[in-house]
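> sequence unknown, structure follows:
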């Protein structure tokens, strides 16, 4: 589990900083991949429930080992949530006025407070207090 957590964390950091990764590579569009710990370090596709666009941000719950929750920020389709370690995904975009999500951050206390922040490309910052079920803009006072 530690190797999987490290691999996903590195992948998320690379995707957010704009480096070419399996999560945000122009040659691997429309798909998200998962590192399976089968002893052979085999990558398998895990984008069931996602469609078009690129994944620019990945965020794992601090309690991922038990809750298996992770989020993907996409280009044009908003935020997707998985509660089964990436086997299936569902859009969680109610109130998210800009669907070009480039950054995600979960509260260190996410397991109990369900707080997530989403940074969008040119459309502000949004906050969810209910695990992504609904979003509100929280960028008052931010200027370019």
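Noted; the coordinates are in hand. Predicted model, so just to flag it, every value in this text is computed and none were measured.
> how about the helices in this protein?
With DSSP state H, the ranges of helices along the chain come out as 2-16, 64-67, 110-113.
> is residue 119 in contact with residue 101, as I believe?
Yes: counting by CB atoms under 8 Å, residue 119 does reach residue 101; the two are 7.2 Å apart. C-betas here are computed from N, CA, C, even on glycine.
> poorly predicted segments of this structure, please.
Along the chain, segments meeting pLDDT under 70 span 1-53, 143-144.
> please enumerate the strands of it.
In the chain, the segments counted as strands under DSSP state E are 33-36, 42-45, 55-60, 70-74, 78-82, 90-91, 101-106, 116-120, 125-128, 136-137.
> which strands and helices sit next to the last one?
When you say that, I think you mean strand 136-137. Judged by 3 or more CB pairs under 8 Å, 6 or more residues apart in numbering; DSSP states H and E, strand 136-137 is in contact with strand 125-128.
> partners of the strand it packs on in the sheet?
Here strand 125-128 has these sheet partners by DSSP bridges: strand 116-120 (antiparallel), strand 136-137 (antiparallel).
> which one of those lies closest to residue 83?
strand 116-120 (13.5 Å; CB to CB).
> tell me the angle that closest one makes with strand 78-82.
150 degrees (axes from the mean of the first three to the mean of the last three CA atoms, to 10 degrees).
> quick check: residue 64 vs residue 118, distance?
18 Å (CB to CB, to the nearest Å).
> which one of the two is surrounded by more residues?
residue 118 (29 against 20; other CB atoms under 10 Å).
> perfect, that will be all.
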